[in-house]
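A.B. asks: Give me coordinates for this.
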Amino acid sequence: MAGSSPCASCKLLRRRCAKDCIFAPYFPPEDPHKFAIVHKVFGASNVNKMLQELPVHQRADAVSSLVYEANARKRDPVYGSVGIIFYLQNQISQLQMQLAFAEAEVLCIQMQQERSLANQHVIDIHEPSSLFCATASPAFLNP
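C.D. replies: Below you'll find the predicted structure:
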């Protein structure tokens with residue numbers, strides 16, 4: 001316990017916060033909802049066991065993951081964060097399909113423009129003036 005106030009977990013569980021409380025560094029008293037949601041989904045005893053099994057340098061990341069998963073479970077009790085991942089993957093697939101359609105449309109427009117430009121430069125060999133205009137350069141005009 002850093003100050004006189006117990007950590008969020010000890011406060012919620014209504015117990016005395018020991019000096020070496022495993023929850024204190026990760027569940028500060030200023031953020032009681034963080035522990036409340038984790039406790040509701042995983043249980044304080046399970047979280048305690050998980051944190052004790054991890055090296056100290058990995059505990060903050062584990063708590064962050066537990067909080068994220070608990071919040072996801074609150075929104076979607078069946079799938080949790082997997083539901084969010086599935087939704088995002090589906091959205092990516094839809095956007096990739098839209099992008100492919102848009103790229104194909106751009107390609108079609110470019111091909112139409114190229115075809116249009118090619119048709120404008122077609123020389124009518126039966127019309128002498130078009131042949132002259134298409135092949136004439138300033139050097140031919142001034143012998």
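
A.B. asks: spatially speaking, which residue is in the middle of this protein?
C.D. replies: Central residue of the chain (Cα atoms, centre = their mean): L88, 7.6 Å from the mean position.

A.B. asks: Any idea how far the host helix or strand of that one is from the middle of the chain?
C.D. replies: Using DSSP states H and E, L88 maps to helix 81-120. Remark: helix 81-120 is offset 20 Å from the chain centroid, using Cα atoms, centre = their mean, to the nearest Å.

A.B. asks: Please name every helix or strand in contact with it.
C.D. replies: helix 56-75 (3 or more Cβ pairs under 8 Å, 6 or more residues apart in numbering; DSSP states H and E). Every C-beta, even on glycine, is put in place using the N, C-alpha and C of the backbone.

A.B. asks: what packs against the helix it packs on?
C.D. replies: By 3+ Cβ pairs under 8 Å, 6+ apart, helix 56-75 packs against helix 32-42, helix 44-53, helix 81-120.

A.B. asks: Just say which of these is most tucked in.
C.D. replies: helix 32-42 (a mean of 18; mean count of other Cβ atoms under 10 Å).

A.B. asks: Tell me which residues are up against that helix.
C.D. replies: With Cβ atoms under 8 Å, 6 or more residues apart in numbering as the test, helix 32-42 has contacts from 7-9, 11-13, 23, 27, 47, 50, 63, 66-67, 69-71, 73-74.

A.B. asks: before we move on, what about stretch 10-26?
C.D. replies: 1-2, 5-9, 29, 32, 35-36, 39, 44, 47-48, 51-52, 59-60, 63.
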